[in-house]
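Chemist: sharing a model prediction with you, sequence too.
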Amino acid sequence: MKNMKKRFSENIKIKMLGAIVVAGLLLVASPLAGTAQTDSIAQNADATQQEPELISPSLEFAAVQKSDNSIDLKVRLRGKVNGQSINFYKIKISFFQVVNEEDIPLGFSITDGSGKTLFNVTGDSLKTDSEGNLHFKAVFAGNKAMDPAEEVVAMKRALLEMTPIKEDSLLSIQVKLSDLGTGPATPIKEATIGVFVKRSFLPLKVGEGTTDENGEATIEFPNGLPGDPKGNLTVIARLDENEIYGNLETTSVQNWGVPVSDRIENQPRALWSTHPPMWMLITFIVLMVTVWGHYIVIVYELFRLRKEKPHTS
């Protein structure tokens, strides 16, 4: 009986000793695990701080076929920085022609203050596919702050011609649109051509017409438009965003406008000018002096009353 009690007490002591050892190991291991976890979180935070998020720019790409058998490649590069739309200045844009999935370098240009750039390429140096289509690519290689971006446009070769016509006091523009993609020129019918006049900011649209079976259209031109000092107007005929032919444009300078002087002259005093009439200027000065004079008198009287206030001993 005594042996059993002795063995029982020894087993309890052994179990208690094991529990104490396990508890000690857990206490020692927990700070190490917390330290390791803290170090990993700190490393992840440092990595996040060291790798800032790059800006994703938006590259707008368009190609315009000109009447002199050249093509203007136009690009605008912009993006959002801190919620605001920014035009990216002095950025290099590379241009390529895509032929049979091969990129042929054409050159590069640099964006201006509005994020725009233009690269002109002659049509004689370009190669078309079996269907007479042209494929172009504009590429921004990216930098330390921005992701790369690229866009591709495709179009079929075409030609837009414009013939100004003046009969007595009637003015008109005759346009002809032809397909040059496959061999000889073929008329393009049911295409909407717009006629514009060049202005300081955006071209002014003055008319439009739809081509007939011969690819031709006649559009009336208005009289009395203001021109340069010699009365010249820059007339633009344009096909915009066609699904097959893209954008086409041709221009012509005609002496159809009203001469407008570009000299800076002193204009007479008027309500709508920067020099108002003298009676209005005198009235304004008298009213302002009267109003502010009252304020000055009131402040002066307040200070005077404060000085004359009796002082109690």
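Modeler: Now that the structure is in, tell me what you want to look at. Bear in mind the structure is a predicted one, so any value in this text is a computation, not a measurement.

Chemist: the most centrally placed residue in the chain and D262: what is the separation?
Modeler: In the chain, the centroid-proximal residue (Cα atoms, centre = their mean) is R78; its distance is 4.7 Å. In this view, R78 and D262 are 33 Å apart by Cβ to Cβ, to the nearest Å. Using the backbone N, CA and C atoms, a C-beta is placed for each residue, glycine as well.

Chemist: name the spans of the stretch 51-200 of the chain whose pLDDT lies under the cut-off.
Modeler: For the stretch 51-200 of the chain, residues meeting the criterion pLDDT under 70 lie at 51-52.

Chemist: now the longest strand along the chain: buried residues?
Modeler: What stands out as the longest strand in the chain, according to DSSP state E, is strand 70-81. Within strand 70-81, the residues that qualify as buried are I71, L73, K74, V75, R76, L77, R78, G79, counting by 16 or more other Cβ atoms under 10 Å.

Chemist: who's in contact with stretch 215-231?
Modeler: 164-165, 169-178, 186-189, 191, 193, 195, 197, 206-211, 233, 235, 255-262 (Cβ atoms under 8 Å, 6 or more residues apart in numbering).

Chemist: how many residues are close by L106?
Modeler: L106 is flanked by 19 other residues according to other Cβ atoms under 10 Å.

Chemist: do a quick rundown of the helices in the stretch 201-313 of the chain.
Modeler: Along the stretch 201-313 of the chain, counting by DSSP state H, counting those that start in this stretch, helices occupy 278-307.

Chemist: the strands in it, which residues?
Modeler: Along the stretch 201-313 of the chain, counting by DSSP state E, counting those that start in this stretch, strands occupy 204-210, 216-221, 233-242, 246-254.

Chemist: output the shortest one as CSV, restricted to C-alpha atoms.
Modeler: It stands for strand 216-221. Once non-C-alpha atoms are left out, strand 216-221 reads as follows in CSV (Å, rounded to 0.1, in the frame of the first residue of the first chain):
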residue,chain,number,x,y,z
GLU,A,216,-18.4,63.6,-105.3
ALA,A,217,-20.4,66.2,-103.3
THR,A,218,-21.0,69.9,-103.6
ILE,A,219,-21.3,72.0,-100.4
GLU,A,220,-22.4,75.6,-100.2
PHE,A,221,-20.0,78.0,-98.5
